[in-house]
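Participant: A predicted structure for the sequence below; I have some questions about it.
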Amino acid sequence: QVQLVESGGGLVQAGDSLRLSCTASGRTFSSNTMGWFRQAPGKEREFVASITLSGRNTYYADSVKGRFTISRDNAKNTLYLQMNSLKPEDTAAYFCAAGTIFSVTSLSRTDAYDYWGQGTQVTVSS
């Protein structure tokens, strides 16, 4: 079992930055691929970014590429999402997820992840 707790969300203005954190406990954090997803009201949960076990490889949705950076600190069992140049369309609940994933093509799929946090709300005003 892996327990995930997100933090760092809030209300910001367009153009501002936020850093989300996800702290993991339970099974060894470093043995899981980690990802960030988001879900806006009335919409399906969508992929934002993912990072491999060592942190060497990262993947991003086109909508956030160049603005968001995913990283992990395995010594602290913590996943991060640095979000810059925020836009109103980034408004959503953000979720971190953990899973044992071997295929790059599966990284953006919600069903590839076994464990989920409760989410943290990010609201960007125009």
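Facilitator: Cool, the structure landed.
Participant: pretty sure V12 contacts T123?
Facilitator: Yes: counting by CB atoms under 8 Å, T123 is a contact partner of V12 at 7.4 Å. For glycine as for every other residue, the C-beta is placed from the backbone atoms N, C-alpha and C.
Participant: more neighbours, these two?
Facilitator: V12 (17 against 14; other CB atoms under 10 Å).
Participant: quick one: distance of stretch 87-106 to the chain centre.
Facilitator: From the chain centre to the centre of stretch 87-106 is a distance of 5 Å (CA atoms, centre = their mean, to the nearest Å).
Participant: ends of that stretch, how far apart?
Facilitator: 27 Å (CA to CA, to the nearest Å).
Participant: quick check: what element follows the helix or strand harbouring S21 along the chain?
Facilitator: In this structure, S21 sits in strand 18-26 according to DSSP states H and E. Sequence-wise, the next helix or strand downstream of strand 18-26 (DSSP H and E) is strand 33-39.
Participant: what separation do you get for the residue located most distally from the centre of the chain and E89?
Facilitator: Distance from the centre of the chain peaks at S126, with 22.8 Å (CA atoms, centre = their mean). As for S126, its distance to E89 is 10 Å (criterion: CB to CB, to the nearest Å).
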